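Asks: Model the structure of this input:
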Amino acid sequence: MPAVSKGDGMRGLAVFISDIRNCKSKEAEIKRINKELANIRSKFKGDKALDGYSKKKYVCKLLFIFLLGHDIDFGHMEAVNLLSSNKYTEKQIGYLFISVLVNSNSELIRLINNAIKNDLSSRNPTFMCLALHCIANVGSREMAEAFASEIPRILVAGDTMDSVKQSAALCLLRLYKTSPDLVLMGEWTSRVVHLLNDQHMGVVTAAISLITCLSQKNPDEFKTCVSLAVSRLSRIVSSASTDLQDYTYYFVPAPWLSCKLLRLLQCYPPPEDGAVKGRLVECLETILNKAQEPPKSKKVQHSNAKNAILFEAISLIIHYDSEPNLLVRACNQLGQFLQHRETNLRYLALESMCTLASSEFSHEAVKTHIETVINALKTERDVSVRQRAADLLYAMCDRSNAKQIVAEMLSYLETADYSIREEMVLKVAILAEKYAVDYSWYVDTILNLIRIAGDYVSEEVWYRVIQIVINRDDVQGYAAKTVFEALQAPACHENMVKVGGYILGEFGNLIAGDPRSSPLVQFNLLHSKFHLCSVPTRALLLSAYIKFINLFPETKATIQEVLRCDSQIRNSDVELQQRAVEYLKLSSIASTDVLATVLEEMPPFPERESSILAKLKKKKGPGAVSVTELEDSKREGGELNGGGDRGPDTAAMASTPSPSADLLGIRSAAPVGAAPASAGSLLVDVFSEAGPIAPSAAVNDDGFLRFVCKNNGVLFENQLLQIGIKSEYRQNLGRMYLFYGNKTSVQFASFTTTVSCPGELQSHILSMHLCTKPVEPLVEGGAQIQQVLNIECLTDFSDAPLLNIKFRYGGALQNLTLKLPVTINKFFQPTEMTSSDFFQRWKQLSQPQQEAQKIFKANHSMDTEVLKAKVRQNVTPHSIMYRLTLRCSKDSVSRRLCELLAEQF
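Replies: Have a look, this model is predicted:
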């Protein structure tokens, strides 16, 4: 930039700032500012024309007053006039004032845009940079509309100076972030990508920020940048610090550019070209080797720059998840940081190793650091580092070390920070169940969990232990004995009372033979906790009491006396009062056989998808490792624990549905083919073989409406996958062929598909089951696999089945949910009739609810010849509106058909 001459010192501005600083009070400051504003206003309105220097000085004063927090309502026109000056300092102050004070809706925006255009076309690099900075600082949609097409031309022009290219790239990035729909690269794409080969490192650094942002939204258009990025990275990594002297930071060549290049490569799968991939692997190995070298400087800036590149390289290795040697080396390198004196390095190492633990290649290498991680969990002073240590223990857990890790996490839980206790509880519960070989150990673990951190044990956790106990006969007696002993503690958490009430109510008879746990002793133990509990827990205990009457007839009189007391049958809470009255009456009038039938032991719970994992995922911070990815990677093929889906307060034990039903996902879609859950179902199966359907992005229904009137075509397509459909229907039966095509040259791993029926659709479409050919878990590059769905329609419906597809591509988990084009009209049978028969039938359907009508604008140009083949219509040649009228014997069918057909014209 030009040097500032002595005359540009603006002595008047310096004096004004000095006066403001010398003010003794707020009132004195306001008085001085008002005096100056009056003086500036008089100067601007005076008859004498101001020169450029005076305008600049007064505009600077206004800018300073604004920065002090005062409103400025004049001077904008003078600032715009400064833009036409040929002096750098005057033009700079004008642009600065506009960037800070001018609103994008201002009436002056057209004048400003004209001045900016003049500077952009001036070919003066200094003025061009000022204009580009102003555009980026304002960054409004109006600026994008005016200059989005001009800036790419400046960026790629051969005669543009390097400093202007840098400003243009960053300005374009700003506009793309604010108005991506207006920044269309089009013909400039390849030339922008080739800026990675520019000789000027500053241009490359600025351009790569733009290319990375564009690649994230349009990866196919910019995929040619991969080879160029690898080439540039190779040159930087292999160069000595003296080769890039101007861009070497504390003996590290171009660290910022290296990090950006590595981050750009994470937008794409591993390079398909063998030579490019080999060169990239060499770069990553060189980075890992340099990390082992002795530092060339003791200053922290050197180690920071060096480690920044290292961690970004490790992120790329994890992203590719295809080079076992690199993954193990990265793990070993991170292991060295676990005991580093820098807290930030320990945190980053734990976070990266958490992701490495999900890779089959590096999981065993991560496990070798278990003692160091446990020590970090116990001794770290920073809570965020302790939390990452807990995450890593959870990620590295498997059957070989589950008991050790769960024991350490339970031990830490007693002194853990309150902010992470709930998340820790969920992790312990999941690990204890997932790797439980001895279910008595599982019961002990969960009861310990409730004892240590009862306030943080959510309903999902204690529901789950009850579910496991009910589903496994071999642990019921042990669970009853253990929970009975736990209830004898003087201070007993309410969640323990809930578990104890439920388990003793179901299986108390298994320990009743011991005089120390006789029926009356069990009842008295439970009832001693009754007055300390909340209303929902009291309701559960009343249900346990009526179960006792069935299990132990000798306790009938004692329990009836409790139910009969005023505190129960006259309770202010309607739920407790209703239960007490109904249970008292039931125990009084029902015979022993009837009572045994009504209060029989709970049946095993049916399997259902998990909600505990979903709850754990919500607890994770934005930078945390995906819980679902960890679970997918750790899933093993052994026998899984029995599942279930009903809560402990079932229809036999309660008259009011639990408010937690929705929290636990009871209203979510169950997997097709699963046993239907009862109305009281609350529990969920945490680990089923197929895994949970979620987390998925929003349901993609872009291709759904295209298939309302056709049966064959492409349902979905992106850069990785193409899904085609071919279907046929006859009466109420249908068969759908799904074709999954891998568009890449890289193998899809762990390829699974699940069909689910949302809402009431499960009872309307009978079991969409897979047949003929199961989906192969591996889909080779360029290959296509087929799947067959058989459909039976039982009654009319409106929702469509959902198809969930999950697979791993380049180590990253891909998750996609689509609407399957199964609509009610597919099961119609055509019939022929004369016009008189048609209108006779039309008149018979004359009830108001049987007719659905919609008037809508045509989505496509009207071709009357085509329309005659589709509908009976009456339109004028220039019509743009349709009126669609349908009559059906069922009003729900009329409405649904009207909605579907209205989108077809």
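
Asks: Can you tell me how far residue 563 is from residue 546?
Replies: As judged by CB to CB, to the nearest Å, residue 563 and residue 546 stand 8 Å apart. In this view, the C-beta of every residue, glycine as well, is placed from N, C-alpha and C.

Asks: let me redo that: residue 372
Replies: Noted for residue 372: a distance of 54 Å to residue 546, by CB to CB.

Asks: Which one of these two is surrounded by more residues?
Replies: residue 546 (24 against 17; other CB atoms under 10 Å).

Asks: Tell me the buried residues in stretch 808-819?
Replies: Neighbour-count burial for stretch 808-819 flags 808, 809, 810, 811, 813, 814, 815, 816, 817, 818, 819 (criterion: 16 or more other CB atoms under 10 Å).

Asks: Remind me what the helix or strand that contains residue 228 packs against, helices and strands.
Replies: Residue 228 belongs to helix 225-238 when assigned by DSSP states H and E. Helices and strands in packing contact with helix 225-238 are listed as helix 201-217, helix 255-265, helix 274-292; criterion 3 or more CB pairs under 8 Å, 6 or more residues apart in numbering; DSSP states H and E.

Asks: Would you mind finding the most buried of those helices?
Replies: Of all the helices and strands packed on helix 225-238, helix 255-265 carries the top mean neighbour count, a mean of 22, counting by mean count of other CB atoms under 10 Å.

Asks: Please work out the average pLDDT along whichever strand or helix holds residue 806.
Replies: Using DSSP H and E, residue 806 sits within strand 802-809. The average pLDDT for strand 802-809 rounds to 85.

Asks: Show me what that strand is packed up against.
Replies: With contacts taken as 3+ CB pairs under 8 Å, 6+ apart, strand 802-809 sits against strand 749-756, strand 812-819.

Asks: Strand 802-809 and the first one, what's the angle between them?
Replies: Strand 749-756 and strand 802-809 meet at an angle of 170 degrees, taking axes from the mean of the first three to the mean of the last three CA atoms, to 10 degrees as the criterion.

Asks: how much distance is there from strand 749-756 to the middle of the chain?
Replies: 20 Å (CA atoms, centre = their mean, to the nearest Å).

Asks: which residues sit in contact with residue 295?
Replies: Applying CB atoms under 8 Å, 6 or more residues apart in numbering, we find residue 295 in contact with 302, 303, 306.

Asks: try 10 Å
Replies: Shown in contact with residue 295 (CB atoms under 10 Å, 6 or more residues apart in numbering): 250, 251, 302, 303, 306.

Asks: mind listing what the fourth one touches?
Replies: With contacts defined as CB under 10 Å, 6+ apart, the neighbours of residue 303 are 250, 252, 295, 297, 340, 342, 345.

Asks: Name the nearest of the residues you listed relative to residue 92.
Replies: Residue 92 has its nearest neighbour among those in residue 250, at 32.5 Å by CB to CB.

Asks: tell me the contacts of the closest one?
Replies: Applying CB under 10 Å, 6+ apart to residue 250 gives the contacts 241, 295, 296, 297, 299, 300, 301, 302, 303, 304, 305, 306.

Asks: which of those residues count as buried?
Replies: Among the contacts of residue 250, those classed as buried by neighbour count (16+ other CB under 10 Å) are 302, 303, 304, 305, 306.

Asks: which residue sits closest to residue 188, ignoring its sequence neighbours?
Replies: Closest residue in space to residue 188, ignoring its immediate chain neighbours: residue 152 at 4.2 Å, by CB to CB, 6 or more residues apart in numbering.

Asks: Pull the contacting residues for the one you found.
Replies: Going by CB under 10 Å, 6+ apart, residue 152 touches 168-169, 172, 183-189, 191-192, 210.

Asks: Toward the C-terminus, what is the element adjacent to the helix or strand where it lies?
Replies: Residue 152 belongs to helix 151-156 when assigned by DSSP H and E. Where DSSP H and E defines the elements, the next helix or strand beyond helix 151-156 is helix 162-178.

Asks: Can you mark which positions in that following helix are buried?
Replies: Buried residues in helix 162-178 (16+ other CB under 10 Å): 163-176, 178.

Asks: distance between the helix or strand following it and the chain's centre?
Replies: Once the chain leaves helix 162-178, the next helix or strand it forms, by DSSP H and E, is helix 189-193. Offset of helix 189-193 from its chain centre (CA atoms, centre = their mean): 32 Å.

Asks: which helices and strands does helix 189-193 pack with?
Replies: Applying 3 or more CB pairs under 10 Å, 6 or more residues apart in numbering; DSSP states H and E, one finds that helix 189-193 contacts helix 151-156, helix 201-217, helix 225-238.

Asks: Report the buried residues of it.
Replies: 189, 192, 193.

Asks: The second one touches residue 155, doesn't it?
Replies: Yes: counting by CB atoms under 10 Å, a contact exists between residue 192 and residue 155, whose distance comes to 6.7 Å.

Asks: Let me see the mean pLDDT of the strand or helix carrying residue 348.
Replies: Secondary structure assigned from DSSP H and E places residue 348 in helix 343-356. Mean pLDDT, helix 343-356: 91.

Asks: In it, which residues are buried?
Replies: 345, 346, 347, 348, 349, 350, 351, 352, 353, 354, 355, 356.

Asks: any idea how far residue 73 is from the fifth one?
Replies: It stands for residue 349. The value you get for residue 349 to residue 73, if CB to CB is used, is 55 Å.

Asks: give me every residue that touches residue 809.
Replies: Taking CB under 10 Å, 6+ apart as the criterion, residue 809 is in contact with 269, 720, 721, 742, 744, 746, 747, 748, 749, 750, 751, 779.

Asks: hang on, isn't the fourth one packed against residue 723?
Replies: Meaning residue 742. No: judged on CB under 10 Å, residue 742 makes no contact with residue 723 at a distance of 11.0 Å.

Asks: If you count surrounding residues, which of the two has more?
Replies: Neighbour count, other CB under 10 Å: between residue 742 and residue 723, residue 742 has more, with 22 against 19.
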